[in-house]
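[1] I need the structure of the sequence given here:
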Amino acid sequence: MTTPQHFIGLMSGTSVDGVDGVLARLRDGQPPQVLASASLSMPAALRAEFLALNQAGDDELARAALAANELARLYAQVTADLLVGARLRAQDIAAIGAHGQTVRHRPDSGYTVQLNAPALLAELTGIDVVADFRSRDVAAGGQGAPLVPPFHAAVFGAPQGRAVLNLGGIANVTLLAPGQAPRGFDTGPANVFLDGWCQRHLGQPYDADGRWADSGQVLAPLLEQLIASEPWFALPPPKSTGRDLFNMRWLDDRLAAFDGARPAPQDVQATLQRLTARTVANAIDAAGDDVRELYVCGGGAHNPGLMRELAYCLQRPVHATDALGVPAQQVEALAFAWLAQAFLARQPAGLPSVTGARGPRILGALYPA
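    Residues are numbered from 1 along each chain as shown. Sure, this is the predicted structure:
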């Protein structure tokens, strides 16, 4: 039996709402043990800069480098909080797995960009950093995303078919079946629209508990138009996406083309909530797997309105991953601790069954302290 090691996982996702971190004790063949968790909200100015950097603009290279440095300082603060919470020292940690902030994702053109400053993070923390998890898979012809299905298989596998859904800015699903390699792919927008529409009309960063969506009604013609107008939804896996495609311009263009009365903002919010649930259900049904239950992680797991919509569209039990022993808000950060461990062990975590790459690949690059 291998000696357990301590790893830190850090994640800032497509929602651009903050940094989540966990410090975990990992041992091969054993469930991970989370010793501490910590989060920091994304400063408003940095969030605005990351969103702006999803598009072409003036002086992009310098702005991106400065934003990456600021993110590394946030990562370092979360790391310090984790060490205090777990009562450990930097020298007790084998490595930090740090994802960075995705600002471009174009595997169809052979690249994906996560802004990060792992050398600075190693300097600030005195801990080895593993970063750049996506580019090796893209180089092998894969989508570079989603990254988490092998982790989901290791932690959430079961003797019956189940799916694990991450609801961040973009939704991605992992399909787990006994005796089979995990499959996974993006299903479409989630909080990218729900948060963006709420910010625009209410001045709030998100729709707390889905209450605003609950005050509206789903507009079936608009929902069908949103789905039918986007060819990406009909693509078979492997597939991934991001703000390059699903952004507020995408939504505005379709609302402008909607052949009906101008919809009330709360009705659009209700329809966007159903859009997320319907596209998840459509993707799972099209995959043809015997999925008996769905477990949800990420920020969307805390939205009871969205969870109800998922249960309605899927006609299956829907639970947060808390029911499996891992709080929904910790899953992605824990996955990057696991991915850092996989890199150090030279264990391939890029799987053709998920990304469509030419073969299994070791993901990540090391920045020694």
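[2] can you list contacts of the helix or strand harbouring residue 312?
    Assessed by DSSP states H and E, residue 312 sits inside helix 304-314. In this structure, residues lying in contact with helix 304-314 by CB atoms under 8 Å, 6 or more residues apart in numbering are 165, 167, 190, 194, 207, 209-211, 213-214, 273-274, 276-278, 280-281, 284, 294, 296, 300-301, 317-318, 320. Every C-beta, even on glycine, is put in place using the N, C-alpha and C of the backbone.
[3] ok, now with 6 Å
    Taking contacts as CB atoms under 6 Å, 6 or more residues apart in numbering, the residues outside helix 304-314 that touch it are 209, 210, 213, 214, 273, 274, 277, 278, 281, 300, 318.
[4] Which of the residues you listed fall in strands?
    Per DSSP state E, strands hold the following members of the contacts of helix 304-314: residue 318.
[5] Weed out the non-buried ones from the contacts of helix 304-314.
    Listed as buried from those are 210, 213, 214, 273, 274, 277, 278, 281, 300, 318; burial here means 16 or more other CB atoms under 10 Å.
[6] among these, which are in helices?
    The subset of the buried ones among the contacts of helix 304-314 located in helices under the criterion DSSP state H comprises 213, 214, 273, 274, 277, 278, 281.
[7] any idea where the helices of the stretch 101-250 of the chain begin and end?
    118-125, 135-139, 149-156, 191-202, 211-214, 220-228, 248-256 (DSSP state H, counting those that start in this stretch).
[8] now, of these, which is deepest in the fold?
    Of all the helices of the stretch 101-250 of the chain, helix 149-156 carries the top mean neighbour count, a mean of 23, counting by mean count of other CB atoms under 10 Å.
[9] And that one, what does it pack against?
    strand 170-176 (3 or more CB pairs under 6 Å, 6 or more residues apart in numbering; DSSP states H and E).
[10] Direction included, what does the strand it packs on pair against?
    If you go by DSSP bridges, strand 170-176 pairs up with strand 162-167 (antiparallel), strand 183-189 (antiparallel).
[11] Next, count neighbours for residue 368.
    9 (other CB atoms under 10 Å).
[12] ok, it touching residue 126?
    No - in this structure, residue 368 sits apart from residue 126 without contact. The criterion is CB atoms under 6 Å, and the distance is 10.5 Å.
[13] How about the backbone phi and psi for the residue nearest to residue 344 when sequence neighbours are not counted?
    Excluding the flanking residues, the one nearest residue 344 by CB to CB, 6 or more residues apart in numbering is residue 95, at 6.0 Å. Residue 95 has phi and psi values of phi -170, psi 160 when expressed as degrees, to the nearest 10.
[14] Enumerate every residue touching residue 95.
    Residues touching residue 95, when contacts are defined by CB under 6 Å, 6+ apart, comprise 7, 128, 130, 340, 344.
[15] Which pLDDT does the model give it?
    Model confidence at residue 95, given as pLDDT, is 98.
[16] Tell me what it is bridged to.
    Applying DSSP bridges, one finds that residue 95 bridges with residue 7.
[17] on that earlier part again, reformat the contacts of helix 304-314 as a markdown table; add distance to residue 119.
    Putting these into a markdown table (distance: CB to CB, whole Å) gives the following:
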| residue | distance to residue 119 |
| --- | --- |
| 209 | 41 |
| 210 | 41 |
| 213 | 42 |
| 214 | 46 |
| 273 | 41 |
| 274 | 44 |
| 277 | 41 |
| 278 | 43 |
| 281 | 43 |
| 300 | 33 |
| 318 | 42 |
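[18] now the lengthiest helix in the chain and helix 118-125, what's the angle there?
    Of all the segments assigned as helix in the chain under DSSP H, the longest by residue count is helix 60-86. Using axes from the mean of the first three to the mean of the last three CA atoms, to 10 degrees, the direction of helix 60-86 lies 40 degrees away from that of helix 118-125.
[19] Remind me what helix 60-86 packs against, helices and strands.
    strand 5-11, strand 18-26, strand 33-41, strand 111-115, helix 118-125.
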